[in-house]
Each structure stands twice: as C-alpha cells, then as structure tokens.
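>>> Got a predicted structure here, sequence first:
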Amino acid sequence: MLNTMFRPLRFLSLQARKPTGLFGQYVMTRIFNSVNADLNSFVKETLGLKINDNILEIGFGPGRLINDMAGIITEGVIEGIDFSDTMLSQASKLNKYYISIGTVKLQKGECSNLPYDNETFDKLCSVNTLYFWNEPDKYFQEMFRVLKNGGKIVIGFRDAKQMKLLNLSKDIFNTYSLDEVIDLLSNSGFSNSHIVKKNGKQLRSYCAVAIKPMAQ
C-alpha cells in the first residue's frame, strides 16, 4: 500500500526533471507553461534584452521563454540546450518559425558539459532547473566558461521554503536557500551576485543575478 501511494509522486517528480513520452509531451508541457509563466516573465524582464544579444537558455523545456525572447532578439541568436527528447520536440514545434530564420537554435545535450566555445554568449538563463543538478558547481563553472566577459547570468528559481511546501520527491529535487544560490554563483567566479524577487499569482519568484567579470 505504501509503495502504491508514493508511485504517482515519484513519477511526477521524475517527469518534472526529464519529461518523456506522451505524458511529458502533453501533461508536463501544460504544467510547465502554467507553473513557470510568472517566473519566465520575470527572468525575461531581469535579463534586460537587447536586439543583438546572443543568449543561451539551459533546460528550455517546452520553449516558451525562448519564444518570448525571440520576439525581441531580431539581430542576435537564442540558443537552447535540454536533455529531454520530448522537450526538444515540443520547443522545436513552438519555435519553428524562429528556427527557420536562424534566430533560434535548439539542441539536445547534457548541461554540465556544454557544447559551446568559451565566451560565446552575452547572457545566459535557466528557469526551475537548479533543483535537478546533482553537482551544481559543475553547471555554474560551465556557464561561467561560455559567457563573455561582462556577460550576465539569470537563474530563475523558488527557494527552499517554497519548495518544501510542494509535494515533491526529495531524492529528485534539491532545494536551496537564497544565500546558497548566491554562494554557488560567487564560488564559480561570478561577481555582483544578488537576488531579486517578485510576487506572482501562485508563488514568489526569485532570480539570482550575476556578472562574469571583465578580464584583467
């Protein structure tokens, strides 16, 4: 009986980490688009987009944030990487037009080992993915590497207090305090690390913001 009670919880948590199959295609896409709407909007606002920015999104999910940014980035490029085949398919469909004109480039890949050259991007973002990084230092070091000097990083997330109120599998979701996220950025070499917050319809949204220092 106990195992039966916990199977749906674990299944949903695993799907949140890496959507697969028809459930990922239909159910998780709807959940992500609803639950992440406020946070996506806040991340977009916090990035301070310019029309010629080259941007990377880590773990783009259904591709809604990339689609929103593509309406602004008319002279730059938005790239995205995600390790879910299902999300790559969904995001590719949503961004079909922008992919066809070269504004958006999406690929499948592991985000702890990014397939990009050093100092490629002006800005980098990720939304509600931090919880799934078992060795977060590796992810932040890779993000630091691919950002240009003076480049900006924005990590959208919910803090540990909020996450603990949700019905999630603790062995799949790693939760962080605001100070812990700041430490992850600072320890990876980022400067001016700080948190900005905004109340949303469902939860309070947090963005951890930092800059890659200019070369000495």
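Arrived safely.
>>> Give me the distance between the most centrally placed residue in the chain and Val43.
In the chain, the residue lying closest to the centroid (Cα atoms, centre = their mean) is Ser126, at 2.1 Å. Noted for Ser126: a distance of 8 Å to Val43, by Cβ to Cβ, to the nearest Å. (C-beta placed from N, C-alpha, C; glycine too.)
>>> Same question for Gly150.
In terms of Cβ to Cβ, Gly150 sits 19 Å off from Val43.
>>> And those two? Which one has more around it.
A count of neighbours by other Cβ atoms under 10 Å puts Val43 above the other of Gly150 and Val43, at 25 against 12.
>>> in terms of contact, does the more buried one touch Ala208 like I think?
No. Taking contacts as Cβ atoms under 8 Å, Val43 lies outside contact range of Ala208: 10.3 Å.
>>> Surely Leu56 is in a strand?
Yes. Assignment of Leu56 by DSSP: H, G, I helix; E, B strand; the rest coil places it within a strand.
>>> What count of nearby residues applies to it?
Neighbour tally, Leu56, other Cβ under 10 Å: 26.
>>> ok but Leu39 is inside a strand, no?
No. Using three-state DSSP, the assignment for Leu39 is helix, not a strand.
>>> hmm, back to that, anything in contact with each of Ser126 and Val43?
Common neighbours of Ser126 and Val43, using Cβ atoms under 8 Å, 6 or more residues apart in numbering, are Gly156.
>>> coming back round to it: and for Val43 and Ala208, which residues touch both?
Val154.
>>> Show me what the longest strand belonging to the chain is packed up against.
When the chain is parsed with DSSP state E, its longest strand is strand 147-157. Using 3 or more Cβ pairs under 8 Å, 6 or more residues apart in numbering; DSSP states H and E, the elements in contact with strand 147-157 are helix 37-47, strand 121-127, helix 178-187, strand 204-211.
>>> again, only using 6 Å
If contacts are counted by 3 or more Cβ pairs under 6 Å, 6 or more residues apart in numbering; DSSP states H and E, strand 147-157 sits against helix 37-47, strand 121-127, strand 204-211.
>>> Can I get it in CSV? Just the C-alpha atoms.
What follows is strand 147-157, C-alpha atoms only, in CSV (Å, rounded to 0.1, in the frame of the first residue of the first chain):
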residue,chain,number,x,y,z
LEU,A,147,29.7,33.6,-21.0
LYS,A,148,31.6,36.5,-22.5
ASN,A,149,33.5,38.8,-20.1
GLY,A,150,30.9,41.2,-18.8
GLY,A,151,28.1,38.7,-19.6
LYS,A,152,25.1,38.4,-17.4
ILE,A,153,23.5,35.2,-15.9
VAL,A,154,20.0,35.0,-14.5
ILE,A,155,18.8,31.9,-12.7
GLY,A,156,15.0,31.7,-12.0
PHE,A,157,14.0,29.5,-9.1
